[in-house]
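K.L.:
Starting from these lines, generate the structure:
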Amino acid sequence: MTSKNFFLCLIMKSAKKDNPAQSEPTKSELEILQVLWQYGPSTVRFVNDQLNEQKREVNYMSTQKLMLIMLDKGFVTKNASQMTHVYKAAVEEGKTKGYLLDRVVDNLFNGSASSLMMQLLGNKKMSAEELEEFKELIKKLDN
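P.N.:
Predicted coordinates for the structure are as follows:
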């Protein structure tokens, strides 16, 4: 590998880590991110245990491999200063969810947030409490 190719690879890898939105997390990666967002920095064992409790039976080695892939993609960081490595979400929950929601609105509802809301309201039963929260949100948006 020439020095020019080496530096080009370093720049591309750095750019990918600086802008993780270039690649979109998969469903399994999002499940891992959900655990990290909820509980904070965690070991692979803890994340795997949470996935097994909350989602479905997941093999430890699969979780470990996926978290290493996420590290390479820039979705997580790893602290290897201890014997057990601790992973932390490198992407913000709000920004990631906002980006993915924008993609859903653009791709499925032709950019119409109201169409998305009508679909949500038609598909799901809201509790009285949720309906009241929704009304309050609309009032805030009106002001």
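
K.L.:
who touches stretch 45-53?
P.N.:
With contacts defined as Cβ atoms under 8 Å, 6 or more residues apart in numbering, stretch 45-53 is touched by 31-32, 35-36, 39, 42, 58, 60, 63-64, 67, 84, 87. For glycine as for every other residue, the C-beta is placed from the backbone atoms N, C-alpha and C.

K.L.:
Pop the domain breakdown of this structure in here.
P.N.:
Domain segmentation of the chain under automatic domain parsing yields 24-91, 94-142.

K.L.:
Compare the mean pLDDT across those domains and name the weakest.
P.N.:
Ranked by mean pLDDT, the domains of the chain bottom out at domain 94-142, with a mean of 87.

K.L.:
picking that back up, drop the exposed ones from the contacts of stretch 45-53 and show what's left.
P.N.:
By neighbour count, with 16 or more other Cβ atoms under 10 Å, the contacts of stretch 45-53 hold 31-32, 35-36, 42, 58, 63-64, 67, 87 as buried.

K.L.:
Residue 73 and residue 130, how far apart?
P.N.:
Per Cβ to Cβ, to the nearest Å, residue 73 is found 35 Å from residue 130.

K.L.:
Is the residue nearest the centre of the chain part of a helix or strand, or is it coil?
P.N.:
Nearest to the mean C-alpha position of the chain, counting by Cα atoms, centre = their mean, stands residue 30 at 4.2 Å. Under DSSP: H, G, I helix; E, B strand; the rest coil, the three-state class of residue 30 is helix.

K.L.:
Then residue 91?
P.N.:
Three-state assignment for residue 91 (three-state DSSP): coil.

K.L.:
that older thread, any idea which of the domains of the chain is most buried?
P.N.:
Mean neighbours per residue, mean count of other Cβ atoms under 10 Å, is largest over the domains of the chain for domain 24-91, with a mean of 16.

K.L.:
And that one, how far out from the chain middle?
P.N.:
11 Å (Cα atoms, centre = their mean, to the nearest Å).
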